[in-house]
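Undergrad: Return a 3D structure for these sequence lines:
(chains A, B, C and D)
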2 protein chains.
Amino acid sequence: MDLSEEDMYRDLFVQNREEIQIKKEKTAIKNLALIFDAALFISNEKGFSSMSLRDLSAKTGLSMGAMYSYISSKDKLLDMMHQYGRSMVLKVLIESLDGIDDPKKQLETTIQTHLYLSEFMQPWFYFSYMETKNLHKDLHKKAIESELFTEQIFVDIMEKGISKQIFHRVDARLTASLLKAMLQDWYLKRWKYKDRGVKVEEYSDFVIDILSSYLYF
Amino acid sequence: MDLSEEDMYRDLFVQNREEIQIKKEKTAIKNLALIFDAALFISNEKGFSSMSLRDLSAKTGLSMGAMYSYISSKDKLLDMMHQYGRSMVLKVLIESLDGIDDPKKQLETTIQTHLYLSEFMQPWFYFSYMETKNLHKDLHKKAIESELFTEQIFVDIMEKGISKQIFHRVDARLTASLLKAMLQDWYLKRWKYKDRGVKVEEYSDFVIDILSSYLYF
DNA sequence: AATAAAAACGAACGTTCGCTCGATTTATCC
DNA sequence: GGATAAATCGAGCGAACGTTCGTTTTTATT
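TA: Presented below is the predicted three-dimensional model:
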């Protein structure tokens, strides 16, 4: 998986060039990363709306004015932060299925990919879950579509498995919903699993265990 | 189940009498309910910290000054809102187990109770989940303890079932964690299930189905 | 070393925030 | 129905907010 952070911030920079007043790519990428990491950290501690731009300025070491060369407003920063992770998540999830035909294998791979991805990008996943309701109409809709799309990937896999008589005849949509809830718990309650020393591999196996006992013949 | 809202607000009033400047119980209960309902509604739309007391004043129809006769500060309101639901949830969950001995029956009853409770008090459950991190140290700790206590109820039931050789030898703690994640999805993604016309009974049966296929012999 | 471009700076602006308090209205009691 | 208590009111306070902009510092080019 190509999860280079630098590539992600380069995309972000190119995509929002009009609103970013910084000219040099190298400078932009360095400080966008600085700002986004700090914003994710503070947002996950006290919520995005409680984070003041002075908090952010202190955490990044940039002045207020400097920050405003990278973001055009606090609202727009929220948008960009959401946008930043979403496209990558979908890309990676779909790519992970490439070349796999067996529904069992597909299901297990997607579960693993989702968990590893949310491990790698945990601050973003947590942020995305908690702050979606604060987005404006269009982006709020996009975020929900994205959530449903992930669910749909699971639905498709399950329905294929059912029609191939590899899985029991279950309600694929409800099953996918609950599966998604289990995957979400991994990044929403990360502190709990960390405290208990549960590793992502163990969690992944466990989710697959529960699901397969319900789904497989 | 005795879920009288009036009783709950009466308890709240008595418990916080020192900080509430209102003398007459009847008046206090009426307006506490008004304030809390409005605060839950606005908080669930835009987050507690984005809710201004002028928003709250507009929604309740009370003036700023009047509101401050019922709450001593915005922070304290947050505390009270959390406190308000927590004790009831624990009480109801424990009471629901009274007189039941069979682990299967206990498990299914607790699942159902939890789901019906989160149906009845959905705004509070959603609020509680989303705003816990904004609590101050002591109450944040209390909230987490409360969350773990609910999980522990499930762990206890499962371990009893395992030792009685009614359930498979599973990791009770992890299983309880995932079960909790499934129960939480019901109130966190309420819009999704509403859109799809999924009723609480159906959801409850489904969760029990999945769990029993994993747990029962 | 001089010049121009780019980036960073931070005080200041208007607005909104949580909160207070003296004035006013409503309810209660003899 | 007059007096006392209880509840409500809303303008006003200082602090903090997001945002701007004239200035200074750093970097790149000649």
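
Undergrad: which parts of chain A sit against chain B?
TA: For chain A, the residues in contact with chain B (C-beta under 8 Å from any C-beta of the partner chain) are A:44-47, A:49-50, A:130, A:133-134, A:148, A:171, A:173-175, A:177-178, A:180-182, A:184-185, A:189, A:192-193, A:196, A:198, A:203, A:206-207, A:209-210, A:213-214. Heads up, the C-betas are built off the backbone N, CA and C, glycines and all.

Undergrad: List only those of the residues you listed flagged as buried.
TA: A:44, A:47, A:49-50, A:130, A:134, A:173-175, A:177-178, A:180-182, A:184-185, A:189, A:192-193, A:198, A:203, A:206-207, A:210, A:213-214 (16 or more other C-beta atoms under 10 Å in any protein chain shown).

Undergrad: ok, and of those residues, which contact DNA strand D?
TA: Among those, no residue lies close to DNA strand D (C-beta under 7 Å from any atom of the strand).

Undergrad: So which of these belong to helices?
TA: Counting by DSSP state H, those place A:44, A:130, A:173-175, A:177-178, A:180-182, A:184-185, A:192-193, A:203, A:206-207, A:210, A:213-214 in helices.

Undergrad: can you list the residues of chain A near DNA strand C?
TA: Proximity of chain A to DNA strand C is confined to A:21-24, A:27-28, A:31, A:61-66, A:68-69 under the rule C-beta under 7 Å from any atom of the strand.

Undergrad: Now flag whichever of those residues is closest to B:I94.
TA: Using C-beta to C-beta, A:G61 comes nearest to B:I94 of the residues of chain A next to DNA strand C, at 50.6 Å.

Undergrad: got a list of what the closest one touches?
TA: Listed by C-beta atoms under 8 Å, 6 or more residues apart in numbering or on different chains, the contact partners of A:G61 are A:L34.

Undergrad: which residues touch the residue nearest in space to the middle of chain A?
TA: Taking C-alpha atoms, centre = their mean as the criterion, A:F125 is the residue nearest the geometric centre of chain A, at 4.1 Å. A:F125 is in contact with A:G85, A:S118, A:Y187, counting by C-beta under 8 Å, 6+ apart.

Undergrad: name the element the closest residue to A:L12 other than its chain neighbours belongs to?
TA: Spatial nearest neighbour of A:L12, chain neighbours left out: A:Y84 (5.5 Å); criterion: C-beta to C-beta, 6 or more residues apart in numbering or on different chains. Element membership for A:Y84 (DSSP states H and E) is helix A:74-96.

Undergrad: one step back: quick one, which of the residues of chain A next to DNA strand C are buried?
TA: Buried subset of those (neighbour count, 16+ other C-beta under 10 Å): A:I22, A:A28, A:N31, A:L62, A:S69.

Undergrad: Next one, pLDDT for the second one please.
TA: The one in question is A:A28. On the pLDDT scale, A:A28 is placed at 96.

Undergrad: just A:E6 next, same as before
TA: Per-residue pLDDT puts A:E6 at 85.

Undergrad: And whatever residue of chain A ends up closest to DNA strand C, how close does it get to A:L53?
TA: Nearest residue of chain A to DNA strand C: A:G65, at 1.8 Å (C-beta to the nearest atom of the strand). Separation of A:G65 from A:L53 (C-beta to C-beta, to the nearest Å) stands at 11 Å.

Undergrad: and A:E19, helix, strand or coil?
TA: Taking DSSP: H, G, I helix; E, B strand; the rest coil as the rule, one finds A:E19 in the coil state.

Undergrad: which one is it nearest to, not counting chain neighbours?
TA: With C-beta to C-beta, 6+ apart, the residue lying closest to A:E19 is A:S72, at 4.3 Å.

Undergrad: residues of the biggest helix by length in chain A that come out buried?
TA: The longest helix of chain A (DSSP H) is helix A:137-163. By neighbour count on 16+ other C-beta under 10 Å, the buried set for helix A:137-163 is A:139, A:142-143, A:146-147, A:150-151, A:153-155, A:157-162.
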